[in-house]
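Asks: The following block contains a protein sequence and its predicted model.
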Amino acid sequence: MNYLRHSKKLITPNLLKTYNYSTKLSHVDSEGNAKMVDTSHKQPTSRTAIAEGVIKLNQQAFDQVKQNTHKKGDVLTVSKIAGIQAAKRTSDLIPLCHPLPLNFIDVQFNYLEADTSIKVTGTVKCNYNTGVEMEALTLVSTTCLTIFDMCKAVDPLAIIQSIKVIRKTGGNSDIKV
């Protein structure tokens, strides 16, 4: 994606939105070493993150998923469970993420008939002193990866694309794309 930086704003021309951002990497100390961010001074707040991604399938795989006739079983249910499990394990997968007490995790699927694609939308909520964006991204990524894994015999060229945070609330900033 083409980004233009100006002052303390990040401008994404494709989204026509501007967001405040820090000029310093939060997970790097003054000497350039990786570190976990200290959030102990922050007050817990209600936090939500919503992410989405798309998996494009060939017509045969798309139809099997939609009609629930895939030989491996219910692709979307298995993928949803895998995504939920992954969201709960985000801090085990991404080294500097804080382990969070998640209060809510959900996955929704939308069939995009014209593109033989499935849009995956994941929502994660918690009451804590750091955000849940990484958990939402892990949720969507793993859900898409599981769809790919279950469908690869029918469509080895399936494409996972456009995984991104589309909404974040709580903490210092709210984002809505």
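Replies: Arrived safely.
Asks: Poorly predicted segments of this protein, please.
Replies: Where the chain drops to pLDDT under 70, the residues are 1-27.
Asks: Nearest residue to the middle of it?
Replies: For the chain, the residue nearest the mean C-alpha position is L137 (1.7 Å; C-alpha atoms, centre = their mean).
Asks: Could you pull out the helices in this structure for me?
Replies: Taking DSSP state H, the helices of the chain run over residues 59-67, 75-88, 90-93, 133-151.
Asks: Return the distance of the second one from the chain's centre.
Replies: Its chain's C-alpha centre lies 12 Å from the corresponding centre of helix 75-88 when counted by C-alpha atoms, centre = their mean, to the nearest Å.
Asks: list the contacts for K66?
Replies: Y111 (C-beta atoms under 8 Å, 6 or more residues apart in numbering). Where you see a C-beta, it was placed from the backbone N, CA and C, and this is true even at glycine.
Asks: How about K35, nearest residue that isn't a chain neighbour?
Replies: The shortest distance from K35 to any non-neighbouring residue, by C-beta to C-beta, 6 or more residues apart in numbering, is to D29 (4.8 Å).
Asks: Correction: the previous question concerned L157.
Replies: Excluding the flanking residues, the one nearest L157 by C-beta to C-beta, 6+ apart is N58, at 7.3 Å.
Asks: dump the residue contacts of the one you found.
Replies: Contacts of N58 (C-beta under 8 Å, 6+ apart): 116, 154-155, 157-158.
Asks: Please apply the same query to R89.
Replies: R89 touches T138, counting by C-beta under 8 Å, 6+ apart.
Asks: and with 10 Å instead?
Replies: Counting by C-beta atoms under 10 Å, 6 or more residues apart in numbering, R89 makes contact with 99, 135, 138, 142.
Asks: Which PyMOL command selects the buried ones in those?
Replies: Those of those that count as buried under 16 or more other C-beta atoms under 10 Å are selected in PyMOL with:
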select buried, resi 135+138+142
